[in-house]
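Asker: Next comes the sequence, and after it the predicted model I'd like to discuss.
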Amino acid sequence: MKANPGGQLDIEDVIGRDPLIEVIWDTLELQSVVLVAERRIGKTTVMQVMEERPRKGWRVVRRDVEKCHSAMDFSKQVYSDVDHFLSAKNKTMRRCSEFFNRAAGTKLGVIELPKGKENAWKELLEKSIEDLVSACVEDERLVFMWDEIPYMIDNIRKSEGAETAMAIFDILRALRQDHGKILRMIFTGSIGLHHIFALLKKDGYGNSSTTNDMYQIRVDVLAEPDALNVAESLLKGENLAGEDYREIAKVIVQNSDCFGHYIHCIVKALKMLARQISKEDVELVLVEKLIDGGDEWDLDHYHERLQDYYGDDESLCIAILDTLAESVDPLSLDEIASGVSTRGKFGSRKALKEKLRGTLKLLRSDHYLKRCKDRKHAFLFPLIQRWWVLHRDL
């Protein structure tokens, strides 16, 4: 196995995700799913494995929809995916054909809808999915896997308004309800849906109940034995560590927080040394890459996305993260409030503590922080805490 940070893994090289995949399939037997995960933690890889090795009786249609900037873009993409899927099985899209013939004349391989036809995208979306549902044979189930759907909804909100963006959620929910025995959906995204619903709510259209029929499943870092397996496989595959590969793998796993992407990043950095490596080299390359993390390891997004996520509360989030980054131990709400109050003007102590409760909850949802058993807070990933200290010159 070769180090491939940020690249698409061969499914034969995917380690430690089988139990999670089984949980997802078991859940899909009953309802649709929202996969919640930090960026680059492996949610897309999980869906890739599910697509290439579906459970018996399931059809999978998977698509990254981040580049869709309008409701019609999304509807056309769904139509194209369904048409391709059914064409491979020598089946036709009867409902869509009737729609095209009724609305725009005979379809000649290219989607052409009549100009000025209001909400034509809705009918195209509904008919496309209904065509695929109707093509399912007895005991066959269907799951659409849409990656980065929050980005798509935000694109549509910006270009066509919150009403249209919200309408997509409403239609997809209605389709899930109308075809509940056959149809399932998986939504994923690097931006949490809670941020999208908050933006829609500001425009008067937020309604998170449009996904309350879907079960939320979190994609976590690898279990330690699986992370060790990944690190050992990469060290052997790159022929880097000789007989010491097990001990070096342990150091890599400890420093990567069992985060598969950063295991690949560390091994790739070790490979670039172009020599046999030791345990000490792990710390050497780690410090070097964390100092330069905004470029090669793309860690700057942990800072840059705060403005997009939190708007006017960005400075409060930075003060919270600065306070926690400087602490060796987890901190209580009072301790965080004390640290934050020295970093800016955030109102009275009472008002600050109340504001902190909601903001800390959001920072947990966005995978910055974790809540410990004693109700204290700490960085979710110590690796990111180390980077934050260097990045902010704390």
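Answerer: Cool, got the structure. Numbering: from 1, shown residues only.

Asker: before we move on, which element is Val61 in?
Answerer: Per DSSP states H and E: Val61 is located in strand 58-64.

Asker: From the contact counts, what lies against that strand?
Answerer: Packing contacts for strand 58-64, counted by 3 or more Cβ pairs under 8 Å, 6 or more residues apart in numbering; DSSP states H and E, involve helix 43-52, helix 71-87, strand 141-147. (C-beta placed from N, C-alpha, C; glycine too.)

Asker: The ones you listed: which one's closest to Val328?
Answerer: Each of the helices and strands packed on strand 58-64 has some distance to Val328 by Cβ to Cβ; the shortest is helix 43-52, at 31.4 Å.

Asker: and the closest one, how far from the chain's centre?
Answerer: 12 Å (Cα atoms, centre = their mean, to the nearest Å).

Asker: ditto for stretch 255-270
Answerer: 19 Å.

Asker: if we can go back for a sec, reformat the helices and strands packed on strand 58-64 as JSON lines; add distance to Val23.
Answerer: Below are the helices and strands packed on strand 58-64 laid out as JSON lines (distance: least, Cβ to Cβ, whole Å):
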{"stretch": "helix 43-52", "distance to Val23": "10"}
{"stretch": "helix 71-87", "distance to Val23": "26"}
{"stretch": "strand 141-147", "distance to Val23": "14"}
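
Asker: Need the winner for burial among the ones you listed.
Answerer: strand 141-147 (a mean of 22; mean count of other Cβ atoms under 10 Å).

Asker: domains in this protein, as residue ranges please.
Answerer: 17-219, 224-291, 301-391 (automatic domain parsing).

Asker: what about these, which gets the closest to Ala3?
Answerer: domain 224-291 (4.0 Å).

Asker: Report the separation between the two terminal residues of the closest one.
Answerer: 26 Å (Cα to Cα, to the nearest Å).

Asker: ok, now stretch 323-333?
Answerer: Stretch 323-333 end-to-end distance (Cα to Cα) = 11 Å.

Asker: tell me, how many neighbours does Val137 end up with?
Answerer: 7 (other Cβ atoms under 10 Å).

Asker: One more: Thr342?
Answerer: For Thr342, the neighbour count with other Cβ under 10 Å is 9.

Asker: Tell me where the model's unsure across the stretch 51-200 of the chain.
Answerer: 100-118 (pLDDT under 70).

Asker: quick one, helices of it?
Answerer: All helices of the stretch 51-200 of the chain, identified by DSSP state H, counting those that start in this stretch, fall at 71-87, 94-104, 120-134, 149-160, 162-178, 193-202.

Asker: what's the closest of those helices to Thr45?
Answerer: Of those, nearest to Thr45 by Cβ to Cβ is helix 149-160, at 17.4 Å.

Asker: Fine, thanks again, bye for now.
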